[in-house]
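1. return atomic coordinates for the entry below.
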Amino acid sequence: NDSGPGSFRDAVSQPNRYVVFAVGGVIRINSRIPVAPNLTIAGQTAPGEGITIYGNGLSFSNANNTVTRYLRIRMGVVGDSGADAVTIAQGNNMVFDHVSVSWGRDETFSVSGTASNITVQDSIIAQGLFSHSAGGLLETSGGVSVVRCLYVDNTTRNPKVKGVNEFVNNVVYNWGGGGGYILGDSAGQSFVNVIENYYINGPSTGIQPFTRGNLNFHIYAQNNYHDDNLNGQLDGAVVPQSGYTTVDWITTPFPYPTVGASNVMQATEAYDHVIANAGASRVRDRVDLRLIEEVQSLGALGQIISNENDPPKSGPGPVAGGRAPADTDLDGMPDYWKNAAGLNPRVADHNRDADGNGYTNLEDYLNSLVKGGVQQGSITGVTTDTGLSDADAVTSDDTLTLSGATRAGANVTVTKVGTGVIGSATADSNGRWSLDLGAPLVEGPHAFTAAFVNASGAVSPPTPAFLVTVDRTPPAAPAISGVTLDPQLKING
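-> All right, here's what the predicted structure looks like:
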């Protein structure tokens, strides 16, 4: 529903809430939705193929201290002319993680005015509708970080930057004649880092990736690549200083959040990461799948569109709804998870911190569903696995060994959700690791995560939860159900 109890509009209308989803699919909105402050919008909880908000867009102006994850916001021709799919004109401390934003009538994703401390990461900003067809403005002195994102099929503003900004490990594909990254084009002062990005020409591209700079634009740029030959291979070259037009060159990076971070990748690695992870990628819908296909064509596919209902997109749906898991106490955490975390599925305890890790029980659940940041490893299996397959993590053995993969020599810390850290291991020269859990586990589900420390001491985000079920129910005794003679004696059971 567009309004009323249980609707997305109602859920984000009041502050101090976690917004979780019991349904998946397309939510069609008729008027713009303003988002209240102090919210966590957890799109990763939606079953099926997730959630798409389709219609007149969202305003996050003054939505201070919000986190929005794994949500699709698609505006389209049903939106008001001259409106953005997502706009932020005031407010601070917002994170947009794995969002897919498309089909803006004016801009697709814009940050301007007095907004400050805004992070957009692992997201897709796509197909602003022609005749404007703009990725967006990032024009604030309060600071915007755009990291590991994909800009695709926007004629211009991919993005247009003014003020304080870092643009790191992004991919920009098939920009049109208005330009890729626009360097201020303003009398205002700008202070930016542009590091390890990949710019790839598509069928609509007819202009260099960097345009419209001036001496008010103070830039530190490092290893930004441009692939302009449309040959289906990723084989670009580093953009030379002359490729940035007229700017004021800075020799050391501005001290913005990603500077010195261990997870800054080379541009080629960033391309692979974006292809695998950008957008609401827990389950990609057919719109994002098509956009990724275009980028992977490396020059053959891509188009600037004026109507999202035209082929090959043909609108925002269908998006399969799925069915949410049972949640007896309606606290946002399903019963299976609470059992695995040692919590009572009949007691609403979402705001407690059972394992003392500084995150509420609900936050532990939300984080367990999806990858965070740049993953450095994984949990891949359990020994002994005695279930129906050798990879279903169901076992009759209560003394288990977890195993996984990471970088060679990395230190691994394993946490049992609801308990805390239970042990550590070191990966071998092939990057394989294992940890004997030691003490037997009680029968039922258990959840584990792992974090990885590299040689420089940097700690990765934890893996999504790996669920193990201990089931010691003995196999049913064989039974004979009948005997036939046809023409030989057959015993059935």
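
2. is it correct that residue 379 is in contact with residue 404?
-> Yes - if you go by C-beta atoms under 8 Å, residue 379 and residue 404 touch, sitting 4.3 Å apart. Where you see a C-beta, it was placed from the backbone N, CA and C, and this is true even at glycine.

3. overlap in contacts of the two?
-> Shared contacts of residue 379 and residue 404 (C-beta atoms under 8 Å, 6 or more residues apart in numbering): 450, 463.

4. does residue 435 sit in a helix, a strand or a coil?
-> The three-state label given to residue 435 by DSSP: H, G, I helix; E, B strand; the rest coil is strand.

5. next: residue 268.
-> Residue 268 - assigned by three-state DSSP - is helix.

6. burial count for it?
-> If you count neighbours by other C-beta atoms under 10 Å, residue 268 ends up with 15.

7. and the average pLDDT for stretch 355-369 is what?
-> Averaging pLDDT along stretch 355-369 yields 93.

8. ok, stretch 252-264 next?
-> In this model, stretch 252-264 has a mean pLDDT of 90.

9. got the buried residues for it?
-> Neighbour-count burial for stretch 252-264, counted by 16 or more other C-beta atoms under 10 Å, picks out 253-254, 256, 258, 263-264.

10. with stretch 178-193 instead?
-> By 16+ other C-beta under 10 Å, the buried positions in stretch 178-193 come out as 178-186, 190-193.

11. can you give me the buried ones in stretch 144-151?
-> Neighbour-count burial for stretch 144-151, counted by 16+ other C-beta under 10 Å, picks out 144-151.

12. which other helices and strands does the helix or strand bottoming out on mean pLDDT in the chain contact?
-> When each helix and strand of the chain is scored by mean pLDDT, DSSP states H and E, strand 394-395 comes last, with a mean of 76. Applying 3 or more C-beta pairs under 8 Å, 6 or more residues apart in numbering; DSSP states H and E, we find strand 394-395 packed against strand 466-470.

13. where along the chain do the helices fall?
-> In the chain, the helices defined using DSSP state H lie at 8-11, 267-277, 286-297, 335-340, 361-368.

14. looking at the ones you listed, spot the one closest to residue 307.
-> Of all these, helix 286-297 sits nearest to residue 307, with 13.7 Å by C-beta to C-beta.

15. any buried residues in the closest one, and which?
-> Within helix 286-297, the residues scored as buried using 16+ other C-beta under 10 Å are 286-288, 290-292, 294-295, 297.

16. out of these, which is nearest to residue 488?
-> Nearest to residue 488 among the buried residues of helix 286-297 is residue 286, at 53.5 Å by C-beta to C-beta.

17. dump the residue contacts of the residue nearest to residue 130 when sequence neighbours are not counted.
-> Using C-beta to C-beta, 6 or more residues apart in numbering and skipping residues adjacent in sequence, the residue nearest residue 130 is residue 306, 4.1 Å away. By C-beta under 8 Å, 6+ apart, the residues touching residue 306 are 129-131, 133.

18. how much space is there between residue 306 and residue 133?
-> For residue 306, the distance to residue 133 (C-beta to C-beta, to the nearest Å) stands at 8 Å.

19. swap in residue 201?
-> Counting by C-beta to C-beta, the gap from residue 201 to residue 133 is 16 Å.

20. of these two, who's got more company?
-> The residue with more neighbours, out of residue 201 and residue 133, is residue 133; 27 against 24, by other C-beta under 10 Å.

21. the more buried one contacts residue 304, doesn't it?
-> Yes - with contact defined as C-beta under 8 Å, residue 133 reaches residue 304; the gap is 5.4 Å.

22. where do the contact lists of these two overlap?
-> Counting by C-beta under 8 Å, 6+ apart, the shared contacts of residue 133 and residue 304 are 127, 153-155, 176.

23. extract the residue ranges of the chain that are flagged as low pLDDT.
-> Applying pLDDT under 70 to the chain picks out residues 375, 385, 387-392, 398, 455-456, 458, 475-477.

24. in it, which residue is most central in space?
-> Central residue of the chain (C-alpha atoms, centre = their mean): residue 98, 2.5 Å from the mean position.

25. which residues touch it?
-> Residue 98 neighbours (C-beta under 8 Å, 6+ apart): 43-44, 69-70, 121-123, 277-282, 370.

26. residue 130 now?
-> Residue 130 neighbours (C-beta under 8 Å, 6+ apart): 155, 304-306.

27. now list the buried members of those residues.
-> Buried subset of the contacts of residue 130 (neighbour count, 16+ other C-beta under 10 Å): 155, 304-305.
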